[in-house]
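Student: show me how the following folds:
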Amino acid sequence: MQIDLLNGYEGRSRSTDTRRFVNMYPELNSQSSKGIASLVSTPGMSLFASVAGVIRGVHVIGSKAYIVAAGTLWEINSLGTTTALGTIGTTSGHVSMADNGQQICIVDGQSGYIFDIGAATLTQITAAGFPNGALFVDFLDGFFVCEKPDTQQF
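Tutor: Numbering: from 1, shown residues only. Okay, here's the model as predicted:
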């Protein structure tokens with residue numbers, strides 16, 4: 001049995017143009033129908049949540065996602081509800097995040113921040129030894145670890 005799935009025609013409207021088969025699957029027709037198979041479109045995706053600004057970093061803990069979009073830290077829960085948690089000092093560039101279960105450390109290439117999950121507070125790191133300008137952070141053996149820019153130290 002031959003099913004010619006890629007032979008379409010150009011319709012007068014883009015919405016009826018059958019040359020483009022995106023998110024479609026073949027479904028066999030009953031024996032009483034004229035054609036052997038039909039192409040059925042999938043429903044696609046629906047919007048789960050929306051935040052304002054360009055997304056710069058995402059970190060997931062359990063059923064919650066923490067997102068830095070522009071200069072704002074957002075929380076998105078499993079129902080898609082968004083909550084703004086605070087702001088950081090930059091609005092563009094890569095953001096790296098790591099957690100220890102109670103806190104999230106955020107670095108943005110200029111400063112570092114700690115978000116306390118239980119208290120829902122976002123605080124800039126002002127400790128004298130913190131390497132401002134760090135681009136990446138991770139959690140290792142009980143410590144947040146990030147690089148000291150322009151050195152081979154972390």
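
Student: distance check, G57 against G129.
Tutor: Between G57 and G129 the computed distance is 23 Å (Cβ to Cβ, to the nearest Å). Yep, even glycine has a C-beta here, placed from its N, CA and C like the rest.

Student: quick one: which of the two has more around it?
Tutor: Neighbours around G57 and G129, counted as other Cβ atoms under 10 Å, are more numerous at G57. The numbers are 17 against 6.

Student: and that one, what are its bridge partners?
Tutor: V68 (DSSP bridges).

Student: what's D99 sitting at in phi/psi?
Tutor: phi -130, psi 160 (degrees, to the nearest 10).

Student: how about the nearest residue to it, chain neighbours excluded?
Tutor: In space, and not counting its chain neighbours, D99 is closest to I61: 5.6 Å by Cβ to Cβ, 6 or more residues apart in numbering.

Student: quick one, what contacts the residue positioned nearest the centre of the chain?
Tutor: What sits nearest the mean C-alpha location of the chain, by Cα atoms, centre = their mean, is V58, with 5.5 Å. The neighbourhood of V58, defined by Cβ atoms under 8 Å, 6 or more residues apart in numbering, consists of 65-67, 97.
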